[in-house]
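In: next comes the sequence, and after it the predicted model I'd like to discuss.
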Amino acid sequence: MTTTTHYHSCTLCEATCGIAVTVDANRVVDIRGDERDPFSRGYICPKATALADLHHDPDRLRTPLVRHGLEWRAAGWDEAFDLVARRIRDVRTRYGKHALAVYQGNPSAHNLGLVTYGQAFFRGLGTRNLYSATSVDQLPHMLAALQLFGHQLLMPVPDIDRTDLLVCLGGNPAVSNGSIMTAPNVRARLKAIRARGGEVVLVDPRRTETAALAGEHLFIRPGTDALLLLSLVQVLFAEGLVAPGRLTPHLRGLDTLRAAAADYPPERTAPVTGVAAERVTELARRLARTERAAVYGRVGVCTQEFGGLSAWLVVVVNALTGHLDEPGGAMFTTPAIDTLPLAARAGHAGSFGAYRSRARGLPEFGGELPVAVLAEEIETPGEGQVRALITSAGNPVLSAPNGTRLERALTELDFMVAIDPYLNETTRHADVILPPTGPLERSHYELALTNYAVRNVAKYSPAVFPRGREQRHDWEIVLELATRVLGGGAPARFLGGVGPEAMLEIGLRTGPYGLRRLRKGLSLGRLKREPHGVDLGPLERRLPGRLATRDRTVDLAPRVYLDDLPRLRRLLDRAPRRDELVLIGRRQLRSNNSWLHNSERLVKGKPRCTLLVHPDDARRHGVADGQPATLSSATGSIRVPVEVTDAIMPGVVSLPHGWGHHRRGTRLRVAAEHAGVSVNDVTDEGFVDELTGTAALSGLRVRLAP
Ligand SMILES: Nc1nc2c(c(=O)[nH]1)N[C@H]1C(S)=C(S)[C@@H](COP(=O)(O)OP(=O)(O)OC[C@H]3O[C@@H](n4cnc5c(=O)[nH]c(N)nc54)[C@H](O)[C@@H]3O)O[C@H]1N2
Ligand SMILES: Nc1nc2c(c(=O)[nH]1)N[C@H]1C(S)=C(S)[C@@H](COP(=O)(O)OP(=O)(O)OC[C@H]3O[C@@H](n4cnc5c(=O)[nH]c(N)nc54)[C@H](O)[C@@H]3O)O[C@H]1N2
Ligand code: SF4
Ligand SMILES: [Mo]
């Protein structure tokens, strides 16, 4: 056997672990952690080996599929492109450009071709009906970045390797491997905090896998983080602990903040949050006196009723305690290819509320509408009604709130095309599926996530396998569509046919470590000679230089948030009833949202799609461990096996998302045998953070019955 080993990165989650892939001809023999990757140092999680399953998956599509009634027929690329371009042009001509919607899913961010060419094409279509997973994810953090720092992509990252106190709200990095905190082997990094005498405090309605690594865990009622954070602000002001340090001359709005928080002492918020007042006061003091500390909020604080306020207040607490842009605090990166000014020049520094959705009036953010309105925008007749849809790297039937309704809406479309390697719950509704190459068949540079890495790093990996003659890369697919739909117009010309590599070369050479600036600087050539990647050092102070606000200051109390406070205030009068149940989600190490369940090695073992219920609630609602129960909401109802555990807060139940592979007409043989149910058949598209339009996937009222 003659094998060769190729170095690459795992693109499944945000950790970007280096992998060593051993191949024999066209088979993957072995995937292991790349010991010489300076960032991940050999670490991988169990999902990395599933890249082999993905590569060899007989269900993975390799040529386009065209629908004929209920049947699918394999088609050549030219035929498929012709058909798609003609139908899209027809819709745009007949109904206008807003009648074509686009939904971009999560893997877009991990895909060099989609980050570059995909973004340019989809935005180039000029439709207001642009949607993405952002509005079921990090949108509130992006709004805070825009409001406070002037650029939607300028999100701070906890400097986990140097902090002595990490307060984590609504994140479970031990399982998710970190998010908006690219940190391979985050478990080891968390353990290291405590090993050097520091502390990790976790605030979560569930005692999670991360709680096991934290010294302290506080249960919090879902959706109440903004109250807890406001109480921290109140204590900081009341006890004279506000000390923004070096950034003081660049911060505005402190008096406004003091006044805004005055009504929220811990004693008032504790009955609603469930976090004892003394703990809150003590936490505020500890944050103030610890030199290197960071508050970090993740998806649990975003996808909830007060996601906007929570994400804002996380930054505020860091700033007030002098931990913004300081080592060990919440810092900004210096990526080798600096996409922020590029985005700004292309007009994508960010926007909010520039227009509103047609039916419900939810605000645009960054040129996108919240996916919670997609179904109604398809269903509601009138000017601007969505008639056609492009999905790219997304499975919104399983990932958007009220997937059942969205699915029904998809059947009403005149035309739908999916750029996706699988025939799944969403793409089965398409007329044409255009499958791209897989992660091992394309070159890679982490253009998006290097903005959020806990060290500055750069790495380029050539494809492990050459793409088959019949296969197309994502960038080739969108470029072809751009040319055919927009007629070789501006976006297509702007992109050219050069491929992402040429952009990398320019970006690296002109970037902060580039050949233009440093004698031995970075270039694509140099990265090609260093297949394990290059470490560019720890994070450095970037403010005020990196601020993109007009006056180069940070307004800590922007109007949009102050205007949303009365809504939060009403929460104070809404103490939970004893028999009330609310739903939260949970991520699992061997899942990745909805699309890795076709890997046998990841799904084998006990069924994982279970509902966690506290023993008191199990008794009250008459459900038992291991038994099926009915979980229902105003939206829908599902049957799911119960797991009784005191690791969940009383009054809260937890169900993972991304399951529900029982739907007919998919081509996911393994996943169908481990179907589970989709939590998003219960979540409610009407339940959103009213400020941002982000779906409130967490904190929905539900009922439980045996
Ligand atoms: N209830 C609930 N819902 C949630 C969440 C939750 O916590 N609870 N989490 C939300 C979050 S944070 C997110 S990010 C979303 C994710 O939502 P989505 O992005 O809509 O869903 P994914 O499951 O990531 O689906 C990815 C799709 O991309 C395809 N794909 C994979 N790789 C590629 C590629 O390289 N190119 C192309 N073209 N396609 C590819 C897969 O086949 C799959 O169809 O789900 C959200 N939904
Ligand atoms: N293994 C695996 N890794 C993944 C993914 C995956 O599906 N599987 N998905 C990737 C994606 S798309 C993302 S966005 C990241 C997300 O990364 P994380 O944010 O770290 O992921 P979650 O595990 O969803 O953590 C959210 C936590 O918030 C808690 N929570 C829920 N509601 C509330 C609330 O109201 N307040 C507070 N304080 N906590 C709350 C939940 O109990 C949960 O522990 O993970 C990424 N990594
Ligand atoms: S943590 Fe796992 S899934 Fe994420 S990049 Fe590393 S190996 Fe891949
Ligand atoms: Mo996500």
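Out: Here it is on my side, so go on. Ligands and ions are numbered 1, 2, ... in the order given.
In: OK, contacts around Arg550?
Out: Gly150 (Cβ atoms under 8 Å, 6 or more residues apart in numbering). (C-beta placed from N, C-alpha, C; glycine too.)
In: could you report the separation of it from ligand 1?
Out: As judged by Cβ to the nearest ligand atom, to the nearest Å, Arg550 and ligand 1 stand 31 Å apart.
In: sec struct for that residue, please.
Out: Secondary structure for Arg550, judged by DSSP: H, G, I helix; E, B strand; the rest coil, is coil.
In: with Arg286 instead?
Out: helix.
In: next: His98.
Out: helix.
In: you'd agree Leu413 is up against Thr391?
Out: No - with contacts counted by Cβ atoms under 8 Å, Leu413 stays clear of Thr391, the gap being 10.8 Å.
In: of these two, who's got more company?
Out: Neighbour comparison, Leu413 and Thr391: the larger count goes to Thr391, with 25 against 17 (by other Cβ atoms under 10 Å).
In: which strand or helix spans that one?
Out: strand 388-392 (DSSP states H and E).
In: what's that strand in contact with?
Out: Contacts for strand 388-392 (Cβ under 8 Å, 6+ apart): 87-88, 91, 99-105, 108, 114, 118, 122, 378, 410, 413-420, 426-427, 430, 474, 478.
In: and ligand 1, which of those residues contact it?
Out: Of the residues in these, proximity to ligand 1 by Cβ under 6 Å from any ligand atom holds for 105, 419-420, 474.
In: for the chain, give me the ranges with low pLDDT.
Out: Within the chain, the ranges that satisfy pLDDT under 70 run 488-497, 517-518.
In: for it, what lies in contact range of ligand 2?
Out: Near ligand 2, when you scan the chain using Cβ under 6 Å from any ligand atom, you find 13, 106, 137, 169-173, 175-177, 179, 203-206, 208, 220, 222-223, 225, 298-301, 304, 584-589, 591-593, 698-699.
In: those residues in strands, which ones?
Out: 169, 203, 584 (DSSP state E).
In: scan those and report the most crowded one.
Out: Val203 (27 neighbours).
In: from Gly96, how far off is Arg128?
Out: 10 Å (Cβ to Cβ, to the nearest Å).
In: which of those two has more neighbours?
Out: Arg128 (19 against 15).
In: isn't Thr49 right up against Val29?
Out: No - counting by Cβ under 8 Å, Thr49 stays clear of Val29, with 11.4 Å between them.
In: which residue is nearest the centroid of the protein?
Out: Geometric centre of the chain, nearest residue: Asp137, 4.7 Å, by Cα atoms, centre = their mean.
In: give the contact list for that residue.
Out: 106, 299, 302-303, 694.
In: list the buried residues in the strand holding Thr391.
Out: Residues of strand 388-392 classed as buried: 388-392 (neighbour count, 16 or more other Cβ atoms under 10 Å).
In: closest one of these to Thr3?
Out: Ranked by distance to Thr3 (Cβ to Cβ), the buried residues of strand 388-392 are led by Ser392 at 34.5 Å.
In: which bits of the stretch 151-300 of the chain sit near ligand 1?
Out: Val299.
In: ok, back up a step: what packs against the following helix or strand past the strand holding Thr391?
Out: Where DSSP H and E defines the elements, the next helix or strand beyond strand 388-392 is helix 396-399. Applying 3 or more Cβ pairs under 8 Å, 6 or more residues apart in numbering; DSSP states H and E, we find helix 396-399 packed against helix 403-410.
In: run through who's touching the helix it packs on.
Out: Outside helix 403-410, the residues touching it (Cβ under 8 Å, 6+ apart) are 374-376, 378-379, 389, 396-397, 400, 416, 425-426, 429, 635-636, 660, 678, 680-681, 683, 685.
In: one more time with 7 Å, if that's ok
Out: 374-375, 378-379, 396-397, 400, 416, 429, 636, 678, 680-681, 685 (Cβ atoms under 7 Å, 6 or more residues apart in numbering).
In: what comes up buried for it?
Out: Neighbour count says helix 403-410 has 403-407, 409-410 buried, by 16+ other Cβ under 10 Å.
In: before we move on, what about stretch 203-218?
Out: In stretch 203-218, counting by 16+ other Cβ under 10 Å, buried: 203-211, 213-214, 217-218.
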